[in-house]
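In: I'll drop the sequence and a predicted model, then ask my questions.
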Amino acid sequence: MLDLDSVSKSFGAVRALRSGTLKVAAGSIHALIGENGAGKSTLVKIVAGVHRRDAGTFRFQGREVDFGSTAESKDAGIAVIYQEPTLFPDLSVTENIFMGRMPLGSARRIDRQAMHREAESLFERLGVRIDPKRPARGLSIADQQIIEIAKAISLDAALLVMDEPTAALSGVEVDRLFAVARSLRDEGRGLVFISHRFDEVFDLCDTVTVMRDGAYIDTHRVADTSVPALVAQMVGREVAELFPKVPAEIGDVVLSVDGLSSAGVFRDVSFQVRAGEIVGLSGLVGAGRSEIARAVFGVDRYDSGTVTLHGKPVKPGNPRAAIRSGIAFVPEDRRQQGLVVDSSVAHNVAGVIRRNLSKAGLLTTAAENKAVRPWAARLEVKTNALDMPATTMSGGNQQKVVIAKWLATEPSLLIIDEPTRGIDVGTKSEVHRLLSELAGQGLAVLMISSELPEVLGMADRVLVVCEGRITAELDRSEATPENVMAAATGTTPDRVHVALETQQVEEVTA
Amino acid sequence: MSTTVDTTPSTDPGRRRPDARGVAGDLLRSRELAVLVVLLLLVAVATFKSNGFLTGDSWRDLLLTPSILLLLAAGQTMVLITRNVDLSVASTLGLTAYATGELMSSGQSPWVAALGGVAFGAFLGAINGVMIAFGRVPALVITLGTSLAFRGFLLHWAGSDRVNASEMDSGFLALGTKQVLTIPVLTIIALLVVVAVGYYLRTARSGRELYAIGSDPAAAALFGLPIRQRVLGAFIASGALAGLAGVFFAARYGGVSSNAGQGIELQAIAAAVIGGVAIFGGSGSVWGAAIGAFLLVTIDRVLPILGVPDFYQQAVVGGLIIGAVVLDRFLASRAEHRLVAEREVTP
Amino acid sequence: MSATTTKKTIDEAVDERTYASYARPLLWRLVATREFAVVALLLLVFFYSRANIVGFDGPLTLYFLFLQSAPIMLLALPMTLVIITGEIDLSVASTMALTGAILGIAYTKWDLPFVLSMVLAIGVGLACGLFNGFLVSYVKLPSIAVTIGTLALYRGLAQGFLGTEAINGFPEKWTDLTKERISDGSSYPLVLIPFVVLAIAFGLLLHFSSFGRGVYEIGLNDEAARFTGVDIARTKLILFALAGAVAGLAGVYQTLYSGVARGDASQNLELQVIAAVLLGGVSIFGGRGTLPGVVAGVLLIAVINSAMRLDGIRTEVTDIIIGCLLVASVLAPMLLTWVSGLAPGRVRRTASRSSTPTEPSVTGGPSLDSKSANERQ
Amino acid sequence: GSDDGDGGDNGGSGGGGGGGSAITMIPKSLGNPYFDASTAGAERAAGEFDGSIEEVGPTGDAGPDSQVPFIQTATQQGVGALVVSANDPSALCDSLEQAQDVDIKVVTFDSDTECRDLFVNQADAQGIASKQIELIADQIGGSGDIAILSAAANATNQNEWISLMEEDLAANYPDINLVDTVYGDDDDQKSFDQTAALLQANPNLKGIVSPTTVGIAAAARYLSTSEFKGKVALTGLGAPSQMKTFIDDGTVTEFALWNPDDLGYLAAYAAEALVSGDISGEEGDTFTAGDLGEYTVGADGIVVLGEPFVFDASNINDFDF
Ligand SMILES: Nc1ncnc2c1ncn2[C@@H]1O[C@H](COP(=O)(O)OP(=O)(O)OP(=O)(O)O)[C@@H](O)[C@H]1O
Ligand SMILES: Nc1ncnc2c1ncn2[C@@H]1O[C@H](COP(=O)(O)OP(=O)(O)OP(=O)(O)O)[C@@H](O)[C@H]1O
Ligand SMILES: [Mg+2]
Ligand SMILES: [Mg+2]
């Protein structure tokens, strides 16, 4: 029913999608997998009519289509769950679900009773209890995701596209969602399911399409393929050679975090990071890893606990203090947090060090450029001039700019969140080589990553976060995918194995 | 497994609690109520101080004087809800008031004049709306510009000419003070308008879409809501209501000069803000704005009775506005903490 | 502006060649800016008036022009920085009236020495600014709501303190000073000196300091600014405080210039100031604009006013023209981007910006907590 | 130096501008029928001595220095004379002095300043004040509460009259007490609402005096539609054209005013006389003001138009200003 062929899309310099191809049959669940930044969401947004494709063909139910707005795709019978929840905080949960097509009663006025009833029954079907009258403001990521799902289902569309719907969901909710998805498939609808979790793919889906660097790679029947095969196609080379972490001799403690807690986000978090050591912080998306990092760096406040660097306590809730004491923080959302995308490369790279660049109280662009050049050169940032705004750069180059900005501060601890999210494979390995090189020079690194291979490849030590608590601390030797996933999902390793056999899981959940 | 189930927010008891407490909380949290209480207190005190306060003309004017601001506040609310602002209403009011007067002095019937005024207002609103919705430019700048331009146009058109009571239809002027069961007609019309707007915002799909757009424009765009049409609609409505206010002005004050209504736009915004309409969109009700309008006007009336020299009126109004937004902030952050607390359920 | 760029080119020469400093040649960088458009328009209007409007080339023209627009010129300086952070201050004119009232009362009622009264008045202005700043940056209230409130509050206090009274009888020495010329017969009033000094100070602060870089970053993306250790709250507090202090200074000047302190002094000035700043190329969303552009914008409005008055054109026509200029100044770039048809992604971003005074985070995932909503303002 | 020469030339050219002098008329604000009338009068005069009148001024805003830019512009243009009704007694002085430096003659009318060559006074302040008190007194029968609805809180002439009225009351009308004075800023809406508030705050008010044309008209409009119509007396200074309706419907019985048209006419002739050097503004100077006849400059440069004229049902129809 859905047929995309070599569709492409660029945002300025960023080629989000080179040749996206996706063929979904009615009455089937089709998995779309690929590393971060592979172009999955972009593809989805083209299907949804958020973006217009630059080239390629896009057929839906046989007809050539070109949606100019999401309204058009909705009318055509396509329902989409976007990666980032898009709710209206001031409206009630129900209104969010039925926005734009609320049931009308007498005199064309909205029939709230009917609406609430429908919402209730939807939640019933999904097996959650959310007050349909409450405003969406203040809902947890998980609940927001549930509401997105309810919204999409209630459209009862011919094609349902779900971009990482399970990212913030817990086991039971995921199982419920799957049950619903299966029933929809059996009604003969088509579903597209995006996820970074293989067990889910193997559990739910019939066919799977692999993407890499914005390009179509391959499509299999799920039954005929295996995790290693898919991983190989996703990363395009053997995991081992991808992450060249050279063992460096571990120095003494640089960062030590004790009993850090923040209401509703994380609880009683304690760990240490030593010089020359890369500590991986792993866990499911939404586990609260970024929050821990943010608290350590001071952009978020925390309720209790202490953070000390080289034995000296770091003032809480004050990024400046953290920077002064030698912490650098490469945040996960590059475009929103890492960079001021609209300002120039020079200003971005000099963003932190500029405070020490003023001569006689004056800060000149010339001084900034001078200070910036060596770092730009060292990270091989690709730009034709230092006054180009960062918007014009590719994701990979933007990431290099962010890293350059922080290395320029010559920190003693580098916290790097999702170091390679959404950057091309080439840059990816550059970043990894850089990280291990830095560790070699005695820098302490705290690395957060949703990519298991990356964590396993790079980290000397892996801390696993689940539901805002550290549930496991594994040495490089004991850090196997099974152990990490087990700790991340709060189950036991053997359960993870089981999850790979579709059959049994269906028995468990049905 | 079980632990995960328990900690998922969706199933935590905080979410399932019956609304009994919620309702009480809502009343406490309801800004409309808070402002209403203040208003009633004021009236009570005034009545206590000067016993004639709720009788005869005093009663009439208490209801009559706010009618113009009511209309403007209602229009401003619709615009504010979409995360925009309309600074040009005062100039629009001036223009339409003068136009209405001119139409009548040129022998047109009051009906034609009134309809003409409203239509003219809607047209001026459309000028703003088109530029803002389709030109994709900030409402603040556009309406600041158009308010200068509209007022200038009025001054140019009217010059030092003015419309005097004698030039206007006597029946029309009579409307300015006509009462039904002691309730002035203008006030009744204004209240009907407010009710209509409130009903629309609450029960019409497009009404809810206005809230959605103001609540998160990005999400609204992603969702495929007809943002342009809605924003345009809001500005046309605001303009039309300003037009109607102009008609009221002519009827109420019986004389229109080129500086009619100067500076009332800030009052309209103030009324909405005091009534709990978020200046950055998405929340608030026209009821609140209406009560806010009543409050602003009544304060003007009551302060002298309370012995506060009326030179301080502005200061009091300013204090009210700031008090209102501070209160909102405080309540919002409290609600936030409550939600976090709810989420934090230890198994 | 030109001063800074020539400086850049010099350093460019001595720098090693690894990365070019600028993508485009100096001339292009100068010409292809909104500031340049404003400056060009200013010169155009100025010389047109000189040539065609009787009396405009007289020695008094500039003298009166500067005297009249001195308060707006002063207020525009801090206002520029405030708006670049994405905030706005509508209370400056009321602050002027209040400081004027305080000056009068302190000098005549409390018999304070005049200099002390002036200091006190400016202090009150500073306090007004701090109050705005505190509510905006620490209570995290939307500045437009706060300053609409203080607009009424400060004006009301001024009128309350003075009532029907118009205080005059300020020391000749000082009132004359406000009309003093830099040198006999020159058409430049003395008040230009403090203005130029302040203009340079604010220019350096905005364009040549880490603080200034922070101001732009807050306007462009305050979250990213926070992640690079910019203290957003402190920055905004300082800017509002500066706006208050300068408004105090302007209030004192205006009072001495007119020789009388009255509650209804300098009404509606705030909108003229903001109009001038926006006309000067500052984006109401923050993050864009330069001080030279703003100065040009202020002068543009001043010249248009003066020229049209001389030409016997009534003020309302001038208002119409300024209003239309303001609309055009924001509409023009939009139309340009439409013509040069941009990628949908970009247009969509501007779209969601457009209809709102704040810049909603498009890529910023779910933002369901009112806090982040407020920080975005 | 250069200024003088410059001013001289332009003064000359102002004179040369067709026999009579070029006069710039700056009322308190445009869009006020009272000043329309006075400007009309001035133009009538200019027509006779073959000079030119240009009317400029602030619209709406009556701030202290809202007139300054217009004075300065006139100074640049080097007009023959300025005829000003001042929004503030002192705020205009410096700019007026600058005008005088380039020998522009400055005549004030209706509302005076501390720095001018001549003040053309509609009627001497004392006369105006006592006339209005006299009117209100016999309208309310010599005793009871009255209030004043004025224009801007800082209007010079208003405040002067008000203080004189207060003295007059204290001295000659022990039974009448002035309970309140409110300010309508010569704005319809404000004056209207102030009247309402006034009547409500003082239930047993017997009379209102409004020494401003805008104020009295608005107050009359309110009274005519209220239960106080006929019960609360209203008088003051009003324009017949505006007050006619309210005389007819009995809201107002008597009010006073001079003829603003004549006032402007006289002011224009006074300016002409100064420019042409016939008079210097000294006490005792005399000049002829067209068909108004001969006028003599009184103490400290004041020319008085005459006694305020009282309008009532009998004569209201004879006037069209
Ligand atoms: N609006 C945009 N402007 C510029 N670049 C963009 C935009 N949207 C996506 N990109 C870039 O396009 C590439 C693909 O992004 P996309 O979100 O499709 O990847 P993804 O497969 O969904 O990754 P993830 O698994 O993290 O969701 C990334 O490099 C991203 O930075
Ligand atoms: N079980 C849960 N219940 C309620 N809220 C949760 C839960 N888990 C996470 N959250 C919230 O969701 C957000 C998770 O943020 P985020 O996704 O950045 O975490 P993360 O572990 O860093 O994931 P990632 O870095 O992969 O995005 C936090 O605000 C956290 O408070
Ligand atoms: Mg994605
Ligand atoms: Mg994260």
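Out: Ah, there it is. Ligands and ions are numbered 1, 2, ... in the order given.
In: my read: A:V50 touches B:L222, true?
Out: Yes. A:V50 is within contact range of B:L222, at 6.1 Å (criterion: CB atoms under 8 Å). (Each C-beta comes from the backbone N, C-alpha and C, glycine too.)
In: which neighbours do these two share?
Out: A:T70 (CB atoms under 8 Å, 6 or more residues apart in numbering or on different chains).
In: where does the chain have low pLDDT?
Out: Defaulting to chain A. A:13, A:36, A:168, A:170-171, A:235-244, A:285, A:422, A:424-426, A:490-510 (pLDDT under 70).
In: not quite, I wanted chain D
Out: Checking chain D against pLDDT under 70 turns up D:1-20, D:60-62.
In: where do the helices sit along it?
Out: D:2-16, D:33-49, D:68-77, D:93-101, D:125-140, D:156-172, D:188-201, D:213-224, D:240-248, D:260-275 (DSSP state H).
In: and these as a markdown table, adding mean neighbour count and distance to chain A?
Out: Formatted as a markdown table, the helices of chain D follow (neighbours: other CB atoms under 10 Å in any protein chain shown; distance: least, CB to the nearest CB, whole Å):
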| stretch | mean neighbour count | distance to chain A |
| --- | --- | --- |
| helix D:2-16 | 16 | 42 |
| helix D:33-49 | 22 | 50 |
| helix D:68-77 | 25 | 39 |
| helix D:93-101 | 20 | 40 |
| helix D:125-140 | 20 | 58 |
| helix D:156-172 | 18 | 51 |
| helix D:188-201 | 24 | 36 |
| helix D:213-224 | 28 | 42 |
| helix D:240-248 | 20 | 46 |
| helix D:260-275 | 28 | 57 |
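In: can you add distance to chain B and give the ones you listed back as TSV?
Out: Converted to TSV, these look like this (distance: least, CB to the nearest CB, whole Å):
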stretch	distance to chain B
helix D:2-16	24
helix D:33-49	5
helix D:68-77	15
helix D:93-101	23
helix D:125-140	19
helix D:156-172	15
helix D:188-201	4
helix D:213-224	5
helix D:240-248	5
helix D:260-275	13
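In: quick one: which of these is nearest ligand 2?
Out: Proximity to ligand 2 (CB to the nearest ligand atom) singles out helix D:188-201 among these, at 52.5 Å.
In: before we move on, the earlier item: so for A:D143, which of the helices of chain D sits nearest?
Out: For these, proximity to A:D143 was assessed by CB to CB; helix D:188-201 is nearest, at 51.7 Å.
In: what about the strands in the stretch 51-200 of chain C?
Out: C:167-168 (DSSP state E, counting those that start in this stretch).
In: now do the helices in it.
Out: For the stretch 51-200 of chain C, the helices defined by DSSP state H, counting those that start in this stretch cover C:60-84, C:92-104, C:114-137, C:143-162, C:172-177, C:192-207.
In: same deal with the stretch 201-347 of chain B?
Out: B:205-215, B:217-223, B:227-253, B:264-274, B:286-305, B:313-343.
In: any idea which of the ones you listed has the lowest pLDDT on average?
Out: Sorting those by mean pLDDT places helix B:313-343 lowest, at a mean of 80.
In: buried ones in that one?
Out: B:313-322, B:324-326, B:328-329, B:331-333, B:335, B:339, B:342-343 (16 or more other CB atoms under 10 Å in any protein chain shown).
In: by contact count, what packs against it?
Out: helix B:13-16, helix B:31-49, helix B:264-274, helix B:286-305, helix C:143-162, helix C:370-375 (3 or more CB pairs under 8 Å, 6 or more residues apart in numbering or on different chains; DSSP states H and E).
In: same thing but at 6 Å, please
Out: Other helices and strands packing on helix B:313-343, by 3 or more CB pairs under 6 Å, 6 or more residues apart in numbering or on different chains; DSSP states H and E, are helix B:264-274, helix B:286-305, helix C:143-162.
In: so for B:T177, which of those sits nearest?
Out: Short answer: helix B:286-305, nearest of the helices and strands packed on helix B:313-343 by CB to CB, at 16.5 Å.
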